[in-house]
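Chemist: no FASTA, just this:
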Ligand SMILES: NC(=O)c1ccc[n+]([C@@H]2O[C@H](COP(=O)([O-])OP(=O)(O)OC[C@H]3O[C@@H](n4cnc5c(N)ncnc54)[C@H](OP(=O)(O)O)[C@@H]3O)[C@@H](O)[C@H]2O)c1
């Protein structure tokens, strides 16, 4: 399954000056719990902000300008080859889930194909320069949403239109 995982402020901000403009331990713990044991795909800026490959996950970084290779870390030069590498690795290692972890361009490309969106809503506005792209709410249904303090952990699942149309 292809999943998007993102934390979004009330005003759509996801990043500011190359960083995530908030730090909620609950959000970090949730991200770790959901993505561990799986494959993560991210853009070069996001990877350089984190600064190291995420442990317990196979990391694929998309970049046209740099090459990152280490244990559990590889580089793809475009979105399609990142997905191809992810699928091959998933098959070989019996992994079910691929997570698209940002930033904006990765999300933009992923929204057309994602089966699920793990959308963490931060209940405040933040100043920022990177925003989550608009997506069609008609293509997804809200499967669950759990509120903890100032955050809601929501999961949107793609609507299978063939089942809806009785095919
Ligand atoms: N709130 C959240 O959940 C969340 C999650 C992730 C990131 N963020 C924030 O978002 C910001 C970073 O996002 P961003 O959109 O600026 O950058 P990004 O997507 O992380 O990285 C952009 C870079 O990735 C490479 N890239 C992306 N798509 C590509 C494609 N299809 N083909 C080839 N290369 C591709 C390019 O690298 P090259 O220039 O090397 O070619 C591009 O310059 C940061 O502030 C970060 O903290 C927030």
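Modeler: Received, thanks. Because the structure is predicted, anything quoted here is derived from the model rather than measured.
Chemist: roughly how far does the closest residue to residue 17 other than its chain neighbours sit from the ligand?
Modeler: Nearest non-adjacent residue to residue 17, counting by Cβ to Cβ, 6 or more residues apart in numbering: residue 129, 6.9 Å away. Placement of C-beta: from N, CA and C, glycine included. Going from residue 129 to the ligand by Cβ to the nearest ligand atom, to the nearest Å gives 7 Å.
Chemist: so residue 58 makes contact with residue 72?
Modeler: Yes. Contact criterion Cβ atoms under 8 Å: residue 58 and residue 72 qualify, at 5.3 Å.
Chemist: in terms of neighbours, single out the busier of these two.
Modeler: Neighbours per residue (other Cβ atoms under 10 Å) separate residue 58 from residue 72, with residue 58 holding more: 22 against 15.
Chemist: got a list of what the more buried one touches?
Modeler: When the contact criterion is Cβ atoms under 8 Å, 6 or more residues apart in numbering, the partners of residue 58 are 38, 39, 40, 72, 74, 86, 89, 93, 95.
Chemist: please redo it, this time with the cut-off set to 7 Å
Modeler: Counting by Cβ atoms under 7 Å, 6 or more residues apart in numbering, residue 58 makes contact with 39, 72, 89.
Chemist: can you add secondary structure and give the residues you listed back as JSON lines?
Modeler: Output for the contacts of residue 58, formatted as JSON lines (DSSP: H, G, I helix; E, B strand; the rest coil):
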{"residue": "39", "secondary structure": "strand"}
{"residue": "72", "secondary structure": "coil"}
{"residue": "89", "secondary structure": "helix"}
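Chemist: look at residue 135 and report its pLDDT.
Modeler: We have a pLDDT of 88 for residue 135.
Chemist: before we move on, the earlier item: quickly name whichever of the contacts of residue 58 is closest to the ligand.
Modeler: Closest approach to the ligand among these (Cβ to the nearest ligand atom): residue 39, at 15.6 Å.
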